[in-house]
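Chemist: Pasting the sequence and the predicted model now:
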Amino acid sequence: MPIIDDLNLPPKTRVVIWEINESLQNLESKIVLSENSLKLLNQKKSEIQKKQFLAIRNIFKLLSIKDNEVKYDKAGKPIFSQNKVLSISHSGNYAAVIMSDHSVGIDIETINDRILKIKSKYLETELNYPLELNTETSLIYWNIKESVFKAVDKSGIDFKKNILVPPLDIKKNVVKSWYINDDKIYSFDTRFKISKKYTLAFVIKN
């Protein structure tokens with residue numbers, strides 16, 4: 001089983017990261033898909049998209065989540081029926097799931113220099129920090145902001161204006177992040193990871 005990380009964290013939160021190195025047949029053989037999931041799988045156009053979909057289902061199985069217990073809202077956010085909050089992410093040969101009693105979000109990205117070309121689209125205050133914005137740190141800021149976006153679950157969020165991340169301490173891999181608008185301020189315990197092939201962050205609402 002290609003589990004990179006399986007973390008149990010307070011409060012009542014679990015994070016699983018999976019490296020996809022199996023065949024489609026192998027991934028599918030380990031799980032039982034609902035009729036709806038089979039339809040969703042068949043709609044995936046590429047092999048890697050199908051593998052990502054099946055890897056997430058394998059993680060669900062590890063978390064004792066039955067496939068038919070997970071539904072999706074209009075925005076594609078997973079909804080779990082047992083009073084748990086789910087967030088999922090996948091990129092390249094990696095898939096990740098966070099499950100909690102609290103509002104949570106997770107994002108994983110394979111390392112790619114293209115992020116440097118769009119950093120001004122999602123960063124504002126963070127551009128003034130002394131830390132060098134190389135590929136990895138730029139991706140971490142994206143990971144965190146995407147995770148907060150998923151946890152807040154509101155439309156019209158401006159990554160530059162509504163989500164704030166303080167300077168990163170790469171050695172600690174822990175930081176606070178905030179969602180801010182005119183009448184709401186939410187804080188999140190935030191953890192991140194920089195690997196050779198991917199970056200990851202997840203947030204847990206305080």
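Modeler: Received, thanks.

Chemist: Give the next helix or strand downstream of the lengthiest strand in the chain.
Modeler: What stands out as the longest strand in the chain, according to DSSP state E, is strand 185-194. Using DSSP states H and E, the next helix or strand after strand 185-194 towards the C-terminus is strand 198-205.

Chemist: Can you give me the domain assignment for this protein?
Modeler: Using automatic domain parsing, the domain parsing of the chain gives 3-101, 107-205.

Chemist: how far is the first one from where the chain is centred?
Modeler: This points to domain 3-101. In this view, domain 3-101 has its centroid 11 Å away from the chain centroid, taken as CA atoms, centre = their mean, to the nearest Å.

Chemist: Between the two ends of that domain, how far is it?
Modeler: One end of domain 3-101 to the other measures 22 Å (CA to CA, to the nearest Å).

Chemist: re the thing from before, show me what the longest strand of the chain pairs with in its sheet, parallel or antiparallel.
Modeler: Here strand 185-194 has these sheet partners by DSSP bridges: strand 174-180 (antiparallel), strand 198-205 (antiparallel).

Chemist: Any chance of JSON lines for those, columns mean pLDDT?
Modeler: Output for the strands paired with strand 185-194, formatted as JSON lines (pLDDT from 0 to 100):
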{"stretch": "strand 174-180", "mean pLDDT": "97"}
{"stretch": "strand 198-205", "mean pLDDT": "98"}
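
Chemist: hang on, the earlier thing: for the longest strand of the chain, which residues meet the burial criterion?
Modeler: By neighbour count on 16 or more other CB atoms under 10 Å, the buried set for strand 185-194 is Y186, F188, D189, T190, R191, F192, K193, I194. For every residue, glycine as well, the C-beta is placed using N, CA and C.
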